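1. Here's my sequence, what's the structure:
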Amino acid sequence: CPQVSFEFLTAALLSSEWRRDLRNLNPFLVDKQMDTLVDILLGVLMRTSRIGQASRCLRLGTKLKKQSVEVSKLEAKECLADPNYGRGLTLTAELLAQELSAKRHYIRKEPLPQGGGNGLKYDPRFLVAEFVYHLLLRESQVTLVESMVETVQRGGSVCNQMIMGAGKTTVVGPMLSLML
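-> Numbering: from 1, shown residues only. Next up is the predicted model:
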């Protein structure tokens with residue numbers, strides 16, 4: 001009897017034929033059951049990603065506290081003589097603020113049919129990437145990937161330059177490989 005793993009279900013989110021893939025394993029699944037299964041899986045991925053974000057915030061908060069204690073032990077003339085004391089503290093505080101305020105840039109509000117208010121629309125491949133890589137995608141990364149995919153799908157070609165540390169190797173390249 002074939003067993004369905006969490007990895008299989010997560011990978012199924014990447015497939016445009018995910019319903020067929022699940023039916024191959026269990027032909028008795030109906031659409032409503034599959035939709036419920038996918039909703040639960042997406043919820044797990046979203047929560048897991050946010051737990052990772054909370055963990056990063058805790059690490060940065062702990063680092064900031066440690067740096068604050070170290071700086072507080074110094075005399076004012078030592079801090080003024082070496083500006084690096086304040087820079088490390090400021091950098092850690094800025095990183096913590098960015099992490100605390102990070103959001104998912106690929107989730108957008110979209111009107112529901114027949115004036116039923118707004119719903120949320122997103123490509124689950126972005127969520128799987130966040131889960132696999134233990135990160136939250138930056139707005140610039142999402143925008144670039146969406147733009148490049150759209151250009152290629154229209155039959156165009158595209159080239160983009162990115163600065164070091166912008167996620168070319170870790171994010172953009174793998175996402176484009178997945179989506180094209």
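2. Roughly how far does L91 sit from Q53?
-> 19 Å (C-beta to C-beta, to the nearest Å). Where C-beta positions appear, they are placed from N, C-alpha and C, glycine not excepted.
3. number of nearby residues for M162?
-> By other C-beta atoms under 10 Å, the residues close to M162 number 14.
4. residues in contact with it?
-> By C-beta atoms under 8 Å, 6 or more residues apart in numbering, the contact list for M162 reads L144, K168, V172.
5. Leaving out sequence neighbours, find the closest residue to G61.
-> Nearest residue to G61, sequence neighbours excluded (C-beta to C-beta, 6 or more residues apart in numbering): L96, at 6.1 Å.
6. Could you measure from the one you found over to T62?
-> For L96, the distance to T62 equals 10 Å [C-beta to C-beta].
7. And E150, by the same measure?
-> 41 Å.
8. Kindly report the same for A102.
-> Taking C-beta to C-beta, one finds A102 at 18 Å from T62.
9. picking up where we left off before, which one of L96 and T62 is surrounded by more residues?
-> Under the criterion of other C-beta under 10 Å, the comparison of L96 against T62 puts L96 first, with 18 against 11.
10. SS state for the more buried one?
-> Classification of L96 using DSSP: H, G, I helix; E, B strand; the rest coil returns helix.
11. just to revisit the earlier point, redo the contacts of M162 as a markdown table? Include neighbour count.
-> Output for those, formatted as a markdown table (neighbours: other C-beta atoms under 10 Å):
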| residue | neighbour count |
| --- | --- |
| L144 | 21 |
| K168 | 16 |
| V172 | 20 |
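12. By pLDDT, rank these and give me the bottom one.
-> Of all the contacts of M162, K168 carries the smallest pLDDT score, 85.
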